[in-house]
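Participant: fold the following.
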Amino acid sequence: MWEDANFSGGFISAAAYTVANFNSPGYSFDNGHPINDAVSSIWNRTSQPLVFYVDADWKNACLTLQPGASAANLVDYGCNDALSSYYDQNA
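Facilitator: Below you'll find the predicted structure:
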């Protein structure tokens, strides 16, 4: 996940397939900025479909990315700077 559109700015590679709350300790971009409500582009590098939500605890789904898929600008999906959790669809 990147802080800016087109896979630029701060970056975080999530180690877990499921994160209930981006406000959890340890979730910040490599530049130190918090990721909650700050993600602008995503690339799903996992082998699982991931569902991204605008609220914590997997509420209000915005986008599902299949393995290898990406979203260069979350403005196109109506959830730029709004994501708060994601979930492995196959979990």
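
Participant: can you list the low-confidence ranges for the protein?
Facilitator: Along the chain, the parts satisfying pLDDT under 70 run over 15-16, 91.

Participant: would you map the helices across it?
Facilitator: Read by DSSP state H, the chain holds no helices at all.

Participant: what sits against residue 45?
Facilitator: By C-beta atoms under 8 Å, 6 or more residues apart in numbering, residue 45 lies in contact with 13, 68. C-beta here means a position set from N, CA and C on the backbone, and glycine is covered the same way.

Participant: ignore what I typed, I meant residue 52.
Facilitator: 39, 42, 61-65, 79, 83, 85-86.

Participant: if we use 7 Å, what do you get?
Facilitator: Listed by C-beta atoms under 7 Å, 6 or more residues apart in numbering, the contact partners of residue 52 are 42, 62-63, 83, 86.

Participant: just the buried members of these?
Facilitator: 42, 62-63, 83, 86 (16 or more other C-beta atoms under 10 Å).

Participant: separation between the nearest residue to residue 78 once chain neighbours are set aside and residue 30?
Facilitator: Among residues not flanking residue 78 along the chain, residue 62 sits closest, at 6.7 Å (C-beta to C-beta, 6 or more residues apart in numbering). Distance of residue 62 to residue 30, given as C-beta to C-beta, to the nearest Å: 23 Å.

Participant: and residue 85, by the same measure?
Facilitator: 20 Å.

Participant: neighbours around the closest residue to residue 9 other than its chain neighbours, how many?
Facilitator: Among residues not flanking residue 9 along the chain, residue 3 sits closest, at 3.7 Å (C-beta to C-beta, 6+ apart). The number of residues packed near residue 3 is 21, by other C-beta atoms under 10 Å.

Participant: pretty sure residue 3 sits against residue 33.
Facilitator: Yes: applying C-beta atoms under 7 Å as the test, residue 3 and residue 33 come out as touching, 6.1 Å apart.
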